[in-house]
Every structure is written in C-alpha cells, then in structure tokens.
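Asker: Need coordinates for the following:
(one chain, ligands or ions: 2)
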Amino acid sequence: MLEPLIRANNLEKRYRVGGSVVRAICEVSLAVDSGEYVAVIGRSGSGKSTLMSFLGLLETPDGGQYVLKGLEVANLDRNRRAALRCREIGFVFQMASLLARSSALENVELPLAYAGISRGERRRKAQNALDRVGLSHRLDHWPHQLSGGEQQRVAIARAIVNEPALILADEPTGAVDSKTADGILSLFEDLNRCDRTIIIVTHAPDVARRARRCVTLNDGYLVEDSGARPASRSRSAVRAGEAHELS
Ligand SMILES: Nc1ncnc2c1ncn2[C@@H]1O[C@H](COP(=O)(O)OP(=O)(O)OP(=O)(O)O)[C@@H](O)[C@H]1O
Ligand SMILES: [Mg+2]
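Answerer: Ligands and ions are numbered 1, 2, ... in the order given. Okay, the predicted model is just below:
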C-alpha cells in the first residue's frame, strides 16, 4: 500500500490551566492520502483547530507520531520543520489576516519571499494565484480596500501560491456570506481536482457534505471517520464503534 501523505498515530495534547488539565486531543490517529478532500467537524472546543495546528506543523503534540510525506516530523529541527511547512502546506483561517500595509499582490508574494524565490518569479506566481481566485483586477488594493470575501480570496491565493501538496483551512467560510462561501468552496474543489489535498474544518453541514470524507471529533477524540483505512482507525473510534455495537 502507498504511504499516505499524512500519517498521524495517537496524537495527544494537554493544556494545563490553573490547577486543571484540558485534554484537547486524545489518541487521535488519521491517515490521509494525497488528493483527498476531508472535512473535520465537531462541537466548539472538540479539538479541531488543535489538530490542524499539528497537521500544519504550527505546534507539536505532547505525544504520538506525525509523518508528513514520509518524514517523521519529531525528528526535524525547527528550521527543517519551517522549510517543510513553507514548501508543502498552505493555510487558510477564518479571518484572512493579511498584512495591512501591503497590497494584495505583496501579501501573496510573502511565502515566496520566505522560500527565497527571485523578485520577478514571485511577482509572476503571485499574479497567477490572484488570477486563479478571480482577483487579477485587485492586485494593488490594500486589504482595507477589499471586501471581506475578497480578503479571504487573497488569503487563499497566498495559501496556494507555493503550490503546496496540502491545503489546511480552518473555518474558511465562517466569516463570509453564502455566495462568497460557495465561490471559496468551488475554488477548493478545483484545487482538489488538480490533485491538491484539502482538509477543511467547518461547523456547516452543507460545507462538510461537499467534502468526500468526513472526520468527527468529540472532546478531543476522533469518534467517526467516513473514509478511514482499517489500520488507521483510532482506538477511540474503535471504542465508539464497539459501544455502538453493544447498544
Ligand atoms: N492555549 C490553550 N490553553 C489552554 N487550553 C486550550 C488552549 N488552546 C485550546 N485549548 C482548549 O483545548 C480545547 C480544544 O480547542 P480547539 O481550539 O482545538 O477547539 P475547536 O474544536 O477548534 O473549537 P472551535 O470550533 O470553537 O474553534 C478547548 O477546550 C480549548 O479550550
Ligand atoms: Mg477552532
């Protein structure tokens, strides 16, 4: 069997707050193949953003193993992890979080600058990415001169400009109207058709339905996975299944 793009085994995250411990992620195992489109759903506080921060190499779990593109992330030092993130992962958050004093074009060029790409090449790639999200007429606009939906599309252009293997989106349609949301989802579907792997966190059932696979978190546990390989089912999902069979 081919090595999946993502392989996470028994991820754990605990936060200590005052005298108590919050178990944000418990025994989560997940394998995602290249080219999949996965929705992550679950109640507020169930651990979705925490899981995404591990998958996106923004944070490290307290326990468990995470392998991205065959690389065991725990074995990488800070710089190599940052380089891997820059090369392979594009992030889209609920709020576009663009640099306020940079134009749309400059915002999209930013990841390319980190990757050490020449100025001319940066410009060309950023223009292409903005064209892809339908914003080639807004290159020189500053964020405050763009609508919320346009800002989010700039953020998506910034996420895809490096042509990352993996696009992680945490509630990308949470702050836009339904028509803009539809445009954003169509864009993700286009990217997915071009073999990009997409993992999207959402509260909206209609957004989750458009993904081809749905993973559910509950109190930090992965309790349901519509597309799990048998070997990647987490212990918590197995337990949930056993409980279901017994009831
Ligand atoms: N830095 C932190 N310190 C302490 N507890 C935290 C921290 N970050 C998250 N948590 C806790 O971990 C749990 C999971 O948080 P997380 O942000 O992953 O939830 P979520 O599923 O993304 O929720 P939402 O849908 O509201 O965005 C929550 O109970 C939260 O309070
Ligand atoms: Mg969240």
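Asker: any low-confidence regions in the protein?
Answerer: The model of the chain has pLDDT under 70 over residues 1, 229-247.
Asker: Excluding sequence neighbours, find me the nearest residue to the residue nearest in space to the middle of it.
Answerer: Geometric centre of the chain, nearest residue: L168, 1.3 Å, by CA atoms, centre = their mean. Excluding the flanking residues, the one nearest L168 by CB to CB, 6 or more residues apart in numbering is G56, at 4.8 Å. Just so you know, the C-beta spots here come from the backbone N, C-alpha and C atoms, and that holds for glycine as well.
Asker: my read: the residue nearest to the centre of the chain touches L51, true?
Answerer: No: the pair L168 / L51 is not scored as a contact, 9.8 Å apart, by CB atoms under 8 Å.
Asker: Now look at the host helix or strand of the residue nearest to the centre of the chain and say if it contacts ligand 1.
Answerer: Here L168, judged by DSSP states H and E, is contained in strand 166-170. No: using CB under 6 Å from any ligand atom, strand 166-170 stays clear of ligand 1, coming no nearer than 7.3 Å.
Asker: CA atoms of the following helix or strand past that strand as PDB?
Answerer: Counting by DSSP H and E, the element after strand 166-170 in chain order, helix or strand, is helix 178-193. Only the C-alpha atoms of helix 178-193 are listed here, as PDB (Å, rounded to 0.1, in the frame of the first residue of the first chain):
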ATOM      1  CA  SER A 178     -23.200  32.200   1.400                       C
ATOM      2  CA  LYS A 179     -22.500  33.300  -2.100                       C
ATOM      3  CA  THR A 180     -18.800  34.100  -1.300                       C
ATOM      4  CA  ALA A 181     -18.700  30.800   0.700                       C
ATOM      5  CA  ASP A 182     -19.900  28.900  -2.400                       C
ATOM      6  CA  GLY A 183     -17.200  30.600  -4.500                       C
ATOM      7  CA  ILE A 184     -14.500  29.600  -2.000                       C
ATOM      8  CA  LEU A 185     -15.700  26.000  -1.900                       C
ATOM      9  CA  SER A 186     -15.800  25.800  -5.700                       C
ATOM     10  CA  LEU A 187     -12.200  27.000  -5.600                       C
ATOM     11  CA  PHE A 188     -11.200  24.300  -3.200                       C
ATOM     12  CA  GLU A 189     -13.000  21.700  -5.400                       C
ATOM     13  CA  ASP A 190     -11.000  23.000  -8.400                       C
ATOM     14  CA  LEU A 191      -7.700  22.700  -6.500                       C
ATOM     15  CA  ASN A 192      -8.700  19.200  -5.300                       C
ATOM     16  CA  ARG A 193      -9.400  18.200  -8.900                       C
END
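Asker: So which elements touch helix 178-193?
Answerer: Packed against helix 178-193 by the contact rule (3 or more CB pairs under 8 Å, 6 or more residues apart in numbering; DSSP states H and E) you find strand 37-41, helix 148-160, strand 166-170, strand 197-201.
Asker: who touches that helix?
Answerer: Applying CB atoms under 8 Å, 6 or more residues apart in numbering, the contact partners of helix 178-193 are 35, 37, 132-134, 148-149, 152-153, 156, 160, 167, 169, 172-173, 176, 198, 200, 204, 207, 210.
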